[in-house]
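In: Task: produce atomic coordinates for the following.
(chains A and B)
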Amino acid sequence: GENVEQHPSTLSVQEGDSAVIKCTYSDSASNYFPWYKQELGKGPQLIIDIRSNVGEKKDQRIAVTLNKTAKHFSLHITETQPEDSAVYFCAAGYTGTASKLTFGTGTRLQVTL
Amino acid sequence: NAGVTQTPKFQVLKTGQSMTLQCAQDMNHEYMSWYRQDPGMGLRLIHYSVGAGITDQGEVPNGYNVSRSTTEDFPLRLLSAAPSQTSVYFCASRKQGRVHEQYFGPGTRLTVT
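Out: Model prediction:
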């Protein structure tokens, strides 16, 4: 089955700096790679995703890159703000009727003033 | 739409007790699933259902039962709680095949003493 590794487990950045979270996956058949943000006391919420036919996707201050050959993908947050503080999860899976996701272990991001 | 709702928010059980975690969605989603979230382990799939009357095991199904008698509800049953089942449980739902539109509930924090 799929195995997803995520690093780092904790990340502290100053407000305005950039943050990068990296994930690797094992199943070359995976073609869908979402990122979820989980705020304290809430369920995970999808913030951005990328499919295997695309190398990079950007949405305002967040971007995701995918390297299929190396089987890794990354989340980039620029100009970080205190409200970006949360736990971020990557996941890998495949689209289709029987699609499932395998999640990484999470990164706790702390944006300090 | 209320989205995905879960009850209770918190629960403390003694070893050997049984209980049911409730999950409901009002979005007419065929696919529903249960995850558990443990520190350093991310989200792990317990059971899932692709429609009423159909359930299947995920990555960590032991000690849990599910049923899907209606499209809206997907309860998770702990038959004989064990301390290893102390965790935060999340229910999620989506339309069949639309893995990119998965919605999570707010979670149930369960402690087994």
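In: Tell me which stretches of chain B form strands.
Out: With DSSP state E as the criterion, chain B has strands at B:4-7, B:10-13, B:19-25, B:31-38, B:42-51, B:54-57, B:64-66, B:76-78, B:87-94, B:103-104, B:108-112.
In: swap in chain A?
Out: Under DSSP E, chain A gives strands at A:4-7, A:10-14, A:19-25, A:32-38, A:45-51, A:56-59, A:62-67, A:72-77, A:86-93, A:101-103, A:107-112.
In: strand partners of the first one, parallel vs antiparallel please.
Out: This points to strand A:4-7. strand A:19-25 (antiparallel) (DSSP bridges).
In: how much does the partner strand deviate in direction from strand A:107-112?
Out: Relative orientation of strand A:19-25 and strand A:107-112, computed by axes from the mean of the first three to the mean of the last three Cα atoms, to 10 degrees: 180 degrees.
In: With distance to B:Ser67 as extra columns, can I get the strands of chain A in CSV?
Out: Where you see a C-beta, it was placed from the backbone N, CA and C, and this is true even at glycine. Shown next, in CSV, are these (distance: least, Cβ to Cβ, whole Å):
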stretch, distance to B:Ser67
strand A:4-7, 29
strand A:10-14, 39
strand A:19-25, 32
strand A:32-38, 27
strand A:45-51, 27
strand A:56-59, 38
strand A:62-67, 37
strand A:72-77, 36
strand A:86-93, 25
strand A:101-103, 23
strand A:107-112, 35
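In: which one of those lies closest to B:Tyr103?
Out: Within the strands of chain A, the stretch nearest B:Tyr103 is strand A:45-51; the backing value is 8.4 Å (Cβ to Cβ).
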